[in-house]
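> 3D, please:
(one chain, ligands or ions: 1)
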Amino acid sequence: MSVTTDTSIIPLVESETTVIPVVDGPTPAGLHAESVSAWFGRHHVLDRVSLDMPAGRVTALIGPSGCGKSTFLRTLNRMHELVDGAQFAGAVRLDGDDIYDPRRKLMDVRRSIGMVFQKPNPFPAMSIRDNVLAGLRLTGTRASRSTKDELVESCLRRGGLWNEVKDRLDAPGGGLSGGQQQRLCIARSLAIRPRVLLMDEPCSALDPTSTRVIEETMIELAREVTIVIVTHNMQQAARVSDQCAFFLAAQGTPGVIVEHGDTASMFASPQDQRTHDYVNGRFG
Ligand SMILES: Nc1ncnc2c1ncn2[C@@H]1O[C@H](COP(=O)(O)OP(=O)(O)OP(=O)(O)O)[C@@H](O)[C@H]1O
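Sure, this is the predicted structure:
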């Protein structure tokens, strides 16, 4: 089950004010999950999952419904803990530093590791420009008017939306098409300079043309931000990802990674029969 919610940005709220060089491009960071387990109450949904997600690469998480892909994704920026009764064990290292270290500020974690959800969730009545800048306000980041203008243009360009909206930046975000709204959400995520972007089935609500545009945007973005994407679409995983991890939860047991590796090899010559059957559409 993927959770579609505006909490994508609410957890960033903190009173602290920071000034950061908002226009410089960020540098992608490596993410490493180490023996990650997760529970919802007594329901154990992930069991000791370890995965390297290299800097500047696209990692696709694939597997049948309910095997824990979205839960795993949400442990990667500590959104899992927002659910009542949710528990976590293990470590997630961002360029070597554990994001679960109690000395680490939660806001810094969520600023470094952004998230884009299945259903586009721009603020519908807010202008396109203000949507892009919304994350800055929520993180207490100050910037001059001209810096903001540069930032809006840079994020919309990187989100692959600038040419379509540059003449109507004051129009409401809710007036855009679904695909444009999703790219606006990507641009909004980029404005706080994440080093990793988590994407939970970002194209599942979109038509094929919008999907292709988002995929092209992802491939471009991977130079500056590490991407981890959950997708049910095998062609999409093959098109956009450098490496894949295949998750599976056998009946009544928590999800594990059955196989992971370079995407081309996993599709052409999977090592595990279950991976072979899944990528060839035999189940799931
Ligand atoms: N908020 C929640 N509260 C309780 N259980 C949950 C919650 N979210 C997910 N689960 C359960 O955790 C398990 C893993 O769900 P998860 O959404 O991570 O799987 P998934 O592989 O992403 O599925 P899908 O591909 O259908 O989105 C499922 O059994 C699901 O019912």
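> Quick one: residues contacting Arg78.
Neighbour list for Arg78: 99-100, 106, 109-110 [criterion: Cβ atoms under 8 Å, 6 or more residues apart in numbering]. Using the backbone N, CA and C atoms, a C-beta is placed for each residue, glycine as well.
> With pLDDT and secondary structure as added columns, please give those residues in a markdown table.
A markdown table is the format used below for the contacts of Arg78 (pLDDT from 0 to 100; DSSP: H, G, I helix; E, B strand; the rest coil):
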| residue | pLDDT | secondary structure |
| --- | --- | --- |
| Ile99 | 97 | coil |
| Tyr100 | 96 | coil |
| Leu106 | 90 | helix |
| Val109 | 93 | helix |
| Arg110 | 89 | helix |
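> Which one of these sits in the busiest neighbourhood?
The most crowded member of the contacts of Arg78, judged by other Cβ atoms under 10 Å, is Arg110 (24 neighbours).
> can I assume that one is in contact with Arg74?
No: assessed by Cβ atoms under 8 Å, Arg110 is found out of contact with Arg74, at 11.5 Å.
> so which pair among the contacts of Arg78 is furthest apart in space?
Pairwise distances among these were taken by Cβ to Cβ; the largest, 13.0 Å, belongs to Tyr100 and Arg110.
> Same list (the contacts of Arg78) but as JSON lines, adding distance to Met234.
As requested, these are exported to JSON lines (distance: Cβ to Cβ, whole Å):
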{"residue": "Ile99", "distance to Met234": "30"}
{"residue": "Tyr100", "distance to Met234": "32"}
{"residue": "Leu106", "distance to Met234": "35"}
{"residue": "Val109", "distance to Met234": "31"}
{"residue": "Arg110", "distance to Met234": "30"}
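> So which of those reach the ligand?
Checking the contacts of Arg78 against the ligand by Cβ under 6 Å from any ligand atom, not one of them is in range.
> give me the number of residues near Asn280?
Using other Cβ under 10 Å, Asn280 has 11 neighbouring residues.
> What of Glu164?
16.
> Output the contacting helices and strands for the helix or strand harbouring Ala134.
Using DSSP states H and E, the element containing Ala134 is helix 128-138. If you count contacts as 3 or more Cβ pairs under 8 Å, 6 or more residues apart in numbering; DSSP states H and E, helix 128-138 packs onto helix 145-158, helix 178-190.
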